[in-house]
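Asker: Give me the fold of what follows.
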Amino acid sequence: MSLIERYITVEIRRLVMMIAGFLIFMFASYSAQRYLTDAANGTLALRVVAEVVFYKSLIALEMILPVALYVSVAVALSQLYSDAEITAMLAAGASPLRLYKAVLILAVPLAIAVTLLSLYGRPWAYANIYQLQQESQSVLDVSHLQADKFNVSGNGRMILANHVDKTANHLTDALIYVRGGHHTNLYRAQSVEVLDASPASPAVRLKTGTAYVLDRQSTDDNGQNYDNFDIALKPFVPSAESRHKSASPAELARSADPGDATELQWRESRGLTTVLMVLLAIPFSRIKPRQGRYAALLPLTVLFTVIFYGGNICRTLVANGSLPTIPGVWLVPIAMAVGIVLLLARDLSLLRKPSR
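Answerer: Numbers count the residues shown, from 1 in each chain. Model prediction:
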């Protein structure tokens with residue numbers, strides 16, 4: 001590595017570490033606050049909060065690392081342009097390609113890490129998150145419930161109990177509210193006993209109480225008293241989105257579902273998109289001397305927004321069948337590659353008309 005490349009990479013690497021560290025800290029803090037609130041509300045067990053925050057932070061690295069490198073390249077090169085250092089380098093006969101070479105020294109290893117993270121780390125983390133949330137938010141897992149408090153879940157279920165025995169999965173003096181499609185079920189029981197805690201066939205027994213079924217579209221309501229009331233609850237069925245995100249690359253490749261094809265293309269394209277996005281930051285970071293290193297942030301922000309939303313739009317269109325899988329999600333990286341070739345040709349004066 002020559003002196004020029006080493007000088008540029010040191011500046012960029014220092015900024016990457018600062019920006020990535022700050023973003024990871026902010027994201028982890030936000031996630032911790034969010035899931036601690038869920039734990040305080042009784043919708044998530046406190047014991048799983050730290051694990052969920054760790055997995056969420058691991059998933060976020062797929063976005064944080066490329067963004068950190070993108071911003072670092074923009075700020076570092078803008079500073080060098082502002083101080084006229086790059087102008088002096090080019091005036092001394094150095095090729096503009098040396099800027100691209102210096103950036104690629106950092107971009108290629110980071111892109112490989114992002115690709116591995118997207119293909120294997122991200123689905124592994126999602127699978128663990130869904131498993132933890134399934135176990136913690138299960139209607140039969142009372143470990144996250146709090147006594148004498150309305151415990152509301154995300155699926156419209158509310159549980160209120162005078163006493164919660166977390167060891168025996170047992171509730172005393174309980175009120176259970178369940179909102180369905182057209183009906184609302186209300187159960188009042190002196191005690192609730194778990195018969196089967198497995199997510200595949202959950203079942204509970206309510207002892208000595210009253211059950212009400214309220215029709216929200218008519219007056220067809222009814223109620224009944226009971227001594228023992230066994231309820232077979234709906235088994236846990238993961239959503240299509242959770243299956244896509246937690247599936248392995250091999251499972252996605254074997255699937256004929258457009259959603260799975262979209263997810264696989266998205267994972268495979270993350271590394272290449274990282275390299276192309278960072279290379280695009282090089283010409284967009286060009287500013288006039290003494291203009292300030294943040295002068296190029298506006299066009300760079302617009303560029304990142306176009307890339308980000310363009311990728312999401314292509315992802316949605318492929319998933320719903322509006323866009324064929326070829327090129328599919330790869331349409332955005334292809335457009336980025338064309339843009340880089342044109343900008344690089346301009347930098348090398350290949351598009352300039354010969355002077356007369």
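
Asker: tell me the SS of the closest residue to residue 172 other than its chain neighbours?
Answerer: Among residues not flanking residue 172 along the chain, residue 163 sits closest, at 4.0 Å (C-beta to C-beta, 6 or more residues apart in numbering). No exception for glycine: its C-beta is placed from N, CA and C like everyone else's. When classified by DSSP: H, G, I helix; E, B strand; the rest coil, residue 163 comes out as strand.

Asker: Quickly note the distance from residue 163 to residue 94.
Answerer: 76 Å (C-beta to C-beta, to the nearest Å).

Asker: you'd agree residue 192 is up against residue 168?
Answerer: No. Applying C-beta atoms under 8 Å, one finds residue 192 not in contact with residue 168, separated by 10.9 Å.

Asker: The two: who's more crowded?
Answerer: When neighbours are counted by other C-beta atoms under 10 Å, residue 192 and residue 168 differ, and residue 192 comes out ahead with 25 against 10.

Asker: Residue 271 and residue 109 touch, don't they?
Answerer: No. Under the criterion of C-beta under 8 Å, residue 271 makes no contact with residue 109, lying 10.4 Å away.

Asker: Quick check on those two: which one has the bigger neighbour count.
Answerer: Between residue 271 and residue 109, counting by other C-beta under 10 Å, residue 271 is the more crowded of the two (23 against 10).

Asker: Check for me that that one belongs to a helix.
Answerer: Yes. Residue 271: assigned to a helix according to three-state DSSP.

Asker: ok, it - contacts?
Answerer: Residues in contact with residue 271 (C-beta atoms under 8 Å, 6 or more residues apart in numbering) are 111, 112, 114, 115, 118.

Asker: Residues contacting the helix or strand that the first one is a member of, please?
Answerer: Put plainly, it is residue 111. In the assignment (DSSP states H and E), residue 111 maps to helix 97-116. Residues from elsewhere that reach helix 97-116 (C-beta under 8 Å, 6+ apart): 1-2, 4-5, 8-9, 12-13, 16, 61-62, 65-66, 69, 73, 77, 86, 89, 267-268, 270-272, 274-275, 278-279, 281-282, 344, 348.

Asker: Check the residues you listed for burial and list the buried ones.
Answerer: With neighbours counted by 16 or more other C-beta atoms under 10 Å, the contacts of helix 97-116 contain buried members at 4-5, 8-9, 12, 16, 61-62, 65-66, 69, 73, 77, 86, 89, 267-268, 270-272, 274-275, 278-279, 281-282, 344.

Asker: In helices only, show me the residues you listed.
Answerer: Counting by DSSP state H, the part of the buried ones among the contacts of helix 97-116 found in helices is 4-5, 8-9, 12, 16, 61-62, 65-66, 69, 73, 77, 86, 89, 267-268, 270-272, 274-275, 278-279, 281-282, 344.

Asker: Checking residue 211 next. Helix, strand or coil?
Answerer: With three-state DSSP as the basis, residue 211 sits in strand.

Asker: what about the helices in the chain?
Answerer: 3-40, 49-82, 85-91, 97-116, 122-137, 240-246, 249-254, 258-284, 297-319, 331-347.

Asker: From the contact counts, what lies against the second one?
Answerer: Counting contacts by 3 or more C-beta pairs under 8 Å, 6 or more residues apart in numbering; DSSP states H and E, the secondary-structure elements packed against helix 49-82 are helix 3-40, helix 85-91, helix 97-116, helix 122-137, helix 258-284, helix 297-319.

Asker: Let me have those helices in JSON lines, extended by mean pLDDT.
Answerer: Formatted as JSON lines, the helices and strands packed on helix 49-82 follow (pLDDT from 0 to 100):
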{"stretch": "helix 3-40", "mean pLDDT": "90"}
{"stretch": "helix 85-91", "mean pLDDT": "80"}
{"stretch": "helix 97-116", "mean pLDDT": "92"}
{"stretch": "helix 122-137", "mean pLDDT": "81"}
{"stretch": "helix 258-284", "mean pLDDT": "91"}
{"stretch": "helix 297-319", "mean pLDDT": "90"}
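
Asker: For residue 139, give me the pLDDT.
Answerer: As predicted, residue 139 sits at a pLDDT of 49.

Asker: quick one: contacts for residue 340?
Answerer: Contacts of residue 340 (C-beta under 8 Å, 6+ apart): 276, 279, 280.

Asker: measure the second one to residue 28 for me?
Answerer: Using C-beta to C-beta, we find residue 279 at a distance of 30 Å from residue 28.

Asker: Likewise for residue 341?
Answerer: Distance of residue 341 to residue 28, given as C-beta to C-beta: 39 Å.

Asker: And those two? Which one has more around it.
Answerer: Neighbour count, other C-beta under 10 Å: between residue 341 and residue 28, residue 28 has more, with 15 against 11.

Asker: Quick check: closest non-adjacent residue to that one.
Answerer: Of all residues not flanking residue 28 in the chain, residue 57 sits nearest, at 4.9 Å (C-beta to C-beta, 6+ apart).

Asker: Also residue 209?
Answerer: Using C-beta to C-beta, 6+ apart and skipping the chain neighbours, the partner closest in space to residue 209 is residue 189 (3.6 Å).

Asker: re earlier: quick one: the helix holding residue 111 to helix 49-82, angle?
Answerer: 170 degrees (axes from the mean of the first three to the mean of the last three C-alpha atoms, to 10 degrees).

Asker: Right, I'll leave it there.
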